[in-house]
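Q: Make a model of this:
(chains A and B)
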2 protein chains.
Amino acid sequence: MPFIFSPSPSLLRSLFRLSSVTSTALPRRQQQQFSTSASALAFITFSKTRTSGQYCSPLLKSVTASSTNGNGSGHGLIPPPNKRFKMTSAYSVVQKGSLDAPDYRLYFLDQAGTPISPFHDIPLRVTPDVNVFNMVVEVPRWTNAKMEIATKEPLCPIKQDVKKGALRYVANCFPHHGYIWNYGALPQTWENPSNIDKSTGCKGDNDPIDVCEIGGRIHPRGAVIQVKILGCFALIDEGETDWKLMAIDVTDPMADKLNDVHDIEKLMPGYLRSTVEWFRIYKIPDGKPENQFAFNGEPKNAEFALHCVEETHKFWKDLISKEVPNETELSLTGTSSNVSPTMTTQEAEAIINGNPEPGEPAHVDPFVQKWHWVTVNPSTN
Amino acid sequence: MPFIFSPSPSLLRSLFRLSSVTSTALPRRQQQQFSTSASALAFITFSKTRTSGQYCSPLLKSVTASSTNGNGSGHGLIPPPNKRFKMTSAYSVVQKGSLDAPDYRLYFLDQAGTPISPFHDIPLRVTPDVNVFNMVVEVPRWTNAKMEIATKEPLCPIKQDVKKGALRYVANCFPHHGYIWNYGALPQTWENPSNIDKSTGCKGDNDPIDVCEIGGRIHPRGAVIQVKILGCFALIDEGETDWKLMAIDVTDPMADKLNDVHDIEKLMPGYLRSTVEWFRIYKIPDGKPENQFAFNGEPKNAEFALHCVEETHKFWKDLISKEVPNETELSLTGTSSNVSPTMTTQEAEAIINGNPEPGEPAHVDPFVQKWHWVTVNPSTN
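A: Numbering: from 1, shown residues only, chains lettered A, B, ... in the order given. This is a model prediction of the structure:
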């Protein structure tokens, strides 16, 4: 039985202060830094206003605007081309290639500007033994581009998924618009494809565990936010277990009131049902069958979900320590002491700089924005 | 009884060719024009690819990006600051002031670059006696800023509505995101506040008639598109009749299949019900009561809706010709022969240039993007 921790508001505030001391100690203007690193990556730092949690840099607007286009990647969510973009006090991202193009990559850097792997080098927990988790945001709410951590590429940047040679945009199934949560993954977790889950009877899907963050803010792609886990669903995707954690940003005004999965239905009525519906139907417009859920589509509670997190974290440790073979050529290198072998900063920067420079977003068919009218059979879940 | 016209696909194509001959006659590269007018308004022209209907200028990306920010005004929908932005072959817009600020204005120009009033100088019909109507897009789908034609300002630019000193953003009522259609108005129409409608028993709301465009594309703010009318709802807003026309862009791939209101339910199941729900509840998060509908919330068909258009067009004619008094100081001037008195181009340009130059978008509270969880009583409509 894992240790279950439901943090109090004051403890969360304390935790948050601990993790953001640099940010809060500086006046706002000093938090904007301009520099050119050895690898010629210009960077812009912006920080959260801790009281409201909003990104406050006056630079944000021009920065985000410069890489936004008409494909639903809007909302000022996309880090700027050719900039290092500070997402929290701890991490930043740098874009290579062009948005809406196959060469688009978003690489992660730590506070010192050292390239890292978001899969391996970001700790699962913000503070050891406390159940506040780092979450890597891959897809901002209400966008369509299916962006994900590229687990088989060195440094595991975020890139857009490609199917049959085409970049993937999830269809808008009425009444939904794009992803209906900030969607991403927990670092240092792995759904082991050689493990058959006792509760679902299905093996893992070979990815970090997925998270649906349900707070009020839209978080930019590449943000590393701190979440608490409220529950989960067990999506069965082509015979594989694909856990979908339900979580909330610990700095969200609603976070104190949400401590288990049933609180979601109480305070956000319909969101859990829509989440199940969304995952069931989202591939239907692409000609795929309806997805299935274990447990009759019912959500599991926070305790169960935390067990899934612990288990997938252990699988990741087994993978990294080579106790489980790496059968699908996942990239296991990083630059921190979490992994072995590590690469040097110079090697990591060379990998990033081996990518094309950022360009203007590519053209996207405006009809990726259309609504699809998928009829759902209410007798199945 | 008005003349009811349901255009065939081939006739629509003919109509459309007529209205876009300049655009289609030029190769794409020649359609981009850079110039500086006498009034020092730089302009950028882009045109639709008529086969796909998409905006195709390579300039679009940088142009739209430069004025996008984090308030849900994204998707490349916002014309660029300090640019004249060609929306179709016939009209363009020029921005003054800053997005998300009280001084934001979007002025309209005709093909010759002459300032016009979108309320008075754009004809209701694309071709006389044919029921294809010009629609002025005020709010692109899935955005929140409540933008509207400022009927009391000279030249009637689009501006953001202000209530109690604050710019208005419509709340996202779950599961909806922003406005769920491209929303706007028909030019040369007016809902006469001294007329009590026979069917609703309520007087008009003193605005041009509203339109919900349900096609697959997101249309930019300020676009003038051609629509056919499929039906309408009678929203009763604080005791006033506020018709909501349901319409579709005649160039939409679905347009041929949609000819009356019942086709919407057949091909887009749930959209009409969501439309009623949306208007009923959208002001509740702002502390307002639920809106009501006449006709038990049932939609009226295309014939009825066209009658509403004719009637509001006649009211507009009465207003413009001073047969009905202008009791609320609506701006009735324009630059075309539609109105009298007219102003000169120089006077109109002076009005535009009297506005602040475009600036960076202002800061917007990120929580304008949050979802509100409004419980709807299914026993009322």
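Q: where do the strands sit along the stretch 151-300 of chain A?
A: A:158-160, A:162-163, A:166-167, A:172-173, A:182-185, A:203-204, A:210-213, A:224-237, A:240-249, A:292-293, A:300-301 (DSSP state E, counting those that start in this stretch).
Q: of all these, which lies closest to B:Cys308?
A: strand A:172-173 (30.0 Å; CB to CB). C-betas here are computed from N, CA, C, even on glycine.
Q: Check which helices and strands the longest helix along chain A sits against.
A: For chain A, the helix reaching the highest residue count under DSSP state H is reported as helix A:302-320. Helices and strands touching helix A:302-320, as assessed by 3 or more CB pairs under 8 Å, 6 or more residues apart in numbering or on different chains; DSSP states H and E, comprise strand A:224-237, strand A:240-249.
Q: hang on, the earlier thing: okay, the strands of the stretch 151-300 of chain A in CSV with mean neighbour count, mean pLDDT and distance to B:Phe295 next?
A: Shown next, in CSV, are the strands of the stretch 151-300 of chain A (neighbours: other CB atoms under 10 Å in any protein chain shown; pLDDT from 0 to 100; distance: least, CB to CB, whole Å):
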stretch, mean neighbour count, mean pLDDT, distance to B:Phe295
strand A:158-160, 23, 98, 46
strand A:162-163, 10, 95, 46
strand A:166-167, 14, 96, 45
strand A:172-173, 21, 98, 30
strand A:182-185, 28, 98, 40
strand A:203-204, 19, 94, 54
strand A:210-213, 26, 98, 39
strand A:224-237, 23, 96, 41
strand A:240-249, 25, 96, 41
strand A:292-293, 19, 95, 40
strand A:300-301, 18, 98, 46
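Q: Out of the helices and strands packed on helix A:302-320, flag the one nearest chain B.
A: Among the helices and strands packed on helix A:302-320, the nearest to chain B by CB to the nearest CB is strand A:240-249 (11.4 Å).
Q: Distance from the closest one to the middle of the chain?
A: Mean C-alpha position of strand A:240-249 versus that of the full chain (CA atoms, centre = their mean, to the nearest Å) differs by 11 Å.
Q: Paired strands for that strand, with orientation please.
A: strand A:203-204 (parallel), strand A:210-213 (parallel), strand A:224-237 (antiparallel) (DSSP bridges).
Q: which phi and psi does A:Val94 have?
A: phi -130, psi 130 (degrees, to the nearest 10).
Q: Touching, A:Thr342 and A:Ala348? I think so.
A: No - contact criterion CB atoms under 8 Å: A:Thr342 and A:Ala348 do not qualify, at 9.1 Å.
Q: Quickly list what's touching both of the two.
A: Common contacts of A:Thr342 and A:Ala348 (CB atoms under 8 Å, 6 or more residues apart in numbering or on different chains): A:Thr335.
Q: of these two, who's got more company?
A: Each of A:Thr342 and A:Ala348 has its neighbours counted (other CB atoms under 10 Å in any protein chain shown); A:Ala348 has more, 24 against 17.
Q: next SSE after the helix or strand containing the more buried one?
A: Counting by DSSP states H and E, the element that carries A:Ala348 is helix A:345-353. Under the assignment DSSP H and E, the closest C-terminal helix or strand after helix A:345-353 is strand A:371-372.
Q: what lines up beside that next one in the sheet?
A: strand A:172-173 (parallel).
Q: Name the residues that touch the partner strand?
A: Here strand A:172-173 makes contact (CB under 8 Å, 6+ apart) with A:144, A:178, A:278, A:281-282, A:284-285, A:369-374.
Q: Quick one: residues in contact with stretch A:320-331.
A: Residues contacting stretch A:320-331 (CB under 8 Å, 6+ apart): A:117, A:119-120, A:151-156, A:192-194, A:206, A:315, A:317-319, A:332, A:338-340.
Q: picking up where we left off before, could you dump the helices and strands packed on helix A:302-320 to CSV with distance to B:Ala302?
A: Converted to CSV, the helices and strands packed on helix A:302-320 look like this (distance: least, CB to CB, whole Å):
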stretch, distance to B:Ala302
strand A:224-237, 43
strand A:240-249, 43
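Q: A:Lys163: which of those strands is closest?
A: Using CB to CB, these put strand A:224-237 closest to A:Lys163, at 13.8 Å.
Q: tally of neighbours for whichever residue of the stretch 101-250 of chain A sits closest to chain B?
A: Residue of the stretch 101-250 of chain A nearest chain B, by CB to the nearest CB: A:Gly216 (3.2 Å). By the criterion of other CB under 10 Å, A:Gly216 has 19 neighbours.
Q: residue contacts, the spatially most central residue of chain A?
A: By CA atoms, centre = their mean, the mean C-alpha position of chain A lies nearest to A:Gly184, the distance being 2.2 Å. Listed by CB under 8 Å, 6+ apart, the contact partners of A:Gly184 are A:135-139, A:210-211, A:213.
Q: Show me what it is bridged to.
A: Assigned bridge partners for A:Gly184, using DSSP bridges, are A:Val137, A:Val211.
Q: so how far is A:Ile149 from it?
A: 8 Å (CB to CB, to the nearest Å).
Q: what do the two both touch?
A: The contact sets of A:Gly184 and A:Ile149 overlap at A:136, A:138 (CB under 8 Å, 6+ apart).
Q: Would you mind stating the distance between A:Tyr179 and A:Glu277?
A: Taking CB to CB, one finds A:Tyr179 at 13 Å from A:Glu277.
Q: go on, A:Pro118?
A: 29 Å.
Q: Between these two, point out the one with more neighbours.
A: A:Pro118 (28 against 21).
Q: so that one sits right up against A:Glu138, yeah?
A: No - with contact defined as CB under 8 Å, A:Pro118 does not reach A:Glu138; the gap is 9.2 Å.
Q: which residues are common contacts for these two?
A: A:149, A:158.
Q: which ones are touching A:Asn192?
A: A:203-204, A:206, A:312, A:315, A:318-319, A:324.
Q: Swap in 7 Å and give it another go.
A: Contact analysis of A:Asn192 by CB atoms under 7 Å, 6 or more residues apart in numbering or on different chains lists A:204, A:315, A:324.
Q: I'd assumed the last one was in a strand, is it?
A: No - looking at A:Val324 with DSSP: H, G, I helix; E, B strand; the rest coil, it is coil, so not inside a strand.
Q: Now do it: how many residues are near it, please.
A: 18.
Q: what number of residues lie near A:Thr375?
A: The burial count for A:Thr375: 9, using other CB under 10 Å.
Q: Report the contact partners of it.
A: Per CB under 7 Å, 6+ apart, neighbours of A:Thr375: B:Pro269.
Q: For A:Val364, see how far away it is.
A: Distance, A:Thr375 to A:Val364, using CB to CB: 27 Å.
Q: tell me which residues form a beta bridge with the closest residue in space to A:Phe304 that isn't next to it in sequence?
A: In space, and not counting its chain neighbours, A:Phe304 is closest to A:Cys232: 6.7 Å by CB to CB, 6 or more residues apart in numbering or on different chains. Beta-bridge pairing for A:Cys232 (DSSP bridges): A:Leu245, A:Lys300.
Q: now A:Cys232: how far from A:Cys308?
A: Relative to A:Cys308, and taking CB to CB, A:Cys232 is found at 6 Å.
Q: Repeat that for A:Lys266.
A: For A:Lys266, the distance to A:Cys308 (CB to CB) stands at 23 Å.
Q: Looking at these two, which is more packed in?
A: Higher neighbour count among A:Lys266 and A:Cys308: A:Cys308, with 23 against 11, using other CB under 10 Å.
Q: and whichever residue of the stretch 251-381 of chain A sits closest to chain B, what is it in contact with?
A: The nearest approach of the stretch 251-381 of chain A to chain B comes at A:Lys370, 3.2 Å away (CB to the nearest CB). A:Lys370 is in contact with A:172, B:216, counting by CB under 7 Å, 6+ apart.
Q: can you rerun that using 10 Å?
A: A:171-172, A:174, A:285, B:215-218, B:252-254 (CB atoms under 10 Å, 6 or more residues apart in numbering or on different chains).
Q: Now list the buried members of those.
A: A:171-172, A:174, A:285, B:215-218, B:252, B:254 (16 or more other CB atoms under 10 Å in any protein chain shown).
Q: who touches both of A:Tyr179 and A:Glu277?
A: Joint contacts of A:Tyr179 and A:Glu277 (CB under 10 Å, 6+ apart) do not exist.
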